[in-house]
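Student: Predicted model, plus sequence, below.
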Amino acid sequence: MTKRAMILIGMGAGMVWAIVLVWVGVAHVNLPVFSLLPSLGFAFLGPGIVYALMIGWLAQARFRDEAIIDGAPPPPDSRSDLNVRVLQNTTEQLLLAVTLWPPAAYLFLGDGPGVVICLGLGFTIARIAFWIGYHISPPLRAFGFAATFYPTPIALIWALLARVL
């Protein structure tokens, strides 16, 4: 199978993941106890823990490697280089989530808390899949990337359409 085919399959699976994740959050996760603000806090708990693990993993690798202990970039295509790329992409994905999940959750009205909790759980699982996939073979990161990225715009578009329609 070619790299492009593997990436397309991963991206397609990530799109299906995203649609199911948002649908479950809207239709099946009702959290009447939670208001929007605590829900957002808990939604970002899993992503924050994974992000902290990624930072810690890279920090311990720097500590053990004389070539990069002082902050030098890791050698190209080394394990540490892959971890830097994973961390950079995770930073980008988290920034997107931080800016779009709150308005999406607000627009969902009463469904907001369930949606953002599902987004947070999905983000956590997808980032781990991205991290592992990247280390196994770079094309395998496609599912983790898509499963992290797609739910955010899909949730916002779904919320806007639900509000308008």
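Tutor: Now that the structure is in, tell me what you want to look at. Numbers count the residues shown, from 1 in each chain.

Student: so who does Gly14 touch?
Tutor: Contact analysis of Gly14 by C-beta atoms under 8 Å, 6 or more residues apart in numbering lists Ala126, Ala142, Phe143, Gly144, Phe145, Ala146, Ala147, Thr148, Phe149, Tyr150. For every residue, glycine as well, the C-beta is placed using N, CA and C.

Student: For burial, what's the neighbour tally of the fourth one?
Tutor: Using other C-beta atoms under 10 Å, the number of residues around Gly144 comes to 26.

Student: repeat for the second one
Tutor: Ala142 is flanked by 24 other residues according to other C-beta under 10 Å.

Student: Then the third one?
Tutor: Look at Phe143: counted by other C-beta under 10 Å, it has 23 neighbours.

Student: you'd agree it is up against Trp131?
Tutor: No. With contact defined as C-beta atoms under 8 Å, Phe143 does not reach Trp131; the gap is 11.7 Å.

Student: Output the lowest mean pLDDT helix or strand found in this structure.
Tutor: helix 36-43 (a mean of 82; mean pLDDT, DSSP states H and E).

Student: Mind listing what's buried along that one?
Tutor: Judged by neighbour count (16 or more other C-beta atoms under 10 Å), helix 36-43 contains these buried residues: Leu36, Ser39, Leu40, Ala43.

Student: Spatially nearest residue to Pro103, not counting backbone neighbours?
Tutor: Among residues not flanking Pro103 along the chain, Leu156 sits closest, at 6.8 Å (C-beta to C-beta, 6 or more residues apart in numbering).

Student: Please apply the same query to Ile69.
Tutor: Arg62 (5.5 Å).

Student: Could you do Leu96 as well?
Tutor: Thr152 (5.4 Å).

Student: Name the SS class of that neighbour, please.
Tutor: Using DSSP: H, G, I helix; E, B strand; the rest coil, the three-state assignment for Thr152 comes out as helix.

Student: Any figure for the gap between it and Val16?
Tutor: Going from Thr152 to Val16 by C-beta to C-beta, to the nearest Å gives 16 Å.

Student: Between these two, point out the one with more neighbours.
Tutor: Between Thr152 and Val16, Thr152 has the larger neighbour count (other C-beta under 10 Å), namely 22 against 12.
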